[in-house]
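Asker: Show me how the following folds:
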Amino acid sequence: MARHRRLQVLNQIHEVGVLPLFYHSDFDIAVEAVKACVSGGGWIIEFLNRGPGALDTFKSLEKWCSKHLPKTVLGVGSIVDAPTAALFIESGANFVVSPCMDEETALLCNKRKIAYLPGCGTLTEIHKAESLGVEICKLFPGGEVGGPNFVKAVLGPCSWSSLMPTGGVSPTRESIEPWVRAGVVCVGLGSQLISNEGLENKRFDEIEAKMRQCVEIVKSIRLELAEKGV
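Answerer: Take a look at the predicted model:
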């Protein structure tokens, strides 16, 4: 069962504005990666279902978080069907992220009051997801679907939509700023924030520093926009 209610999860994704995502089969390394993200201000974390033992590692990681870092909101990513989503929900997933929009997964998550962030690449897909109860749509792959200009185009007629690009975002102000100014509620960052090399070489201080930098970038841009009344 999820430790965090759907509305709380969605609000915190909005608040933090950065969603780090990673996979590693080694539990100890996964724990250190989570600790680095949390220390850097990113307590909403997506663990990817992308390798051997992902479910077991996730289950152990969520159990560890519940005891040692209860503020942490751990979700699962790379979910493409409802049966797999159900396994992770039973293992404590607080939210589910997909690279595509899957109706059965959307319905399952809605029934269980679990936040579902499906990958969408067109306004039609975003509209379909929202009709199934989705609050935040993941733009994937962000750069390829049209970048910040696509976000502006969508929010023109659909200002109520909440969008989160993943793919095509780097942990730099030059990359993040156009997205935030375009109106996204959050940016998803994977290998450019938490690289496989960084995990293998245990460069957790570097991950923490990048995480903190990304959170501060989003915060500062939002402050600038608020001061201008945007």
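
Asker: buried sites along the helix or strand that contains Glu125?
Answerer: Assigned by DSSP states H and E, Glu125 falls within helix 123-131. Residues of helix 123-131 classed as buried under the neighbour-count rule (16 or more other Cβ atoms under 10 Å) are 125-126, 128-130. Placement of C-beta: from N, CA and C, glycine included.

Asker: now stretch 204-211
Answerer: For stretch 204-211, a neighbour-count test (16+ other Cβ under 10 Å) marks 204, 207-208, 210-211 as buried.

Asker: same deal with stretch 144-164?
Answerer: Buried positions in stretch 144-164, judged by neighbour count with 16+ other Cβ under 10 Å: 145-148, 150-151, 154-155, 161-164.

Asker: now the end-to-end length of it.
Answerer: Taking Cα to Cα, to the nearest Å, the span from the opening residue of stretch 144-164 to its closing residue is 14 Å.

Asker: what does it rub up against?
Answerer: Taking Cβ atoms under 8 Å, 6 or more residues apart in numbering as the criterion, the residues outside stretch 144-164 that touch it are 13-14, 19, 117, 121-123, 126-127, 130, 135-139, 165, 167-168, 178-179, 181-188.

Asker: 7 Å instead?
Answerer: 19, 117, 121, 123, 126, 130, 135-139, 168, 178-179, 182-188 (Cβ atoms under 7 Å, 6 or more residues apart in numbering).

Asker: just the buried members of the residues you listed?
Answerer: Among the contacts of stretch 144-164, those classed as buried by 16+ other Cβ under 10 Å are 19, 117, 121, 126, 130, 135-139, 168, 178-179, 182-188.
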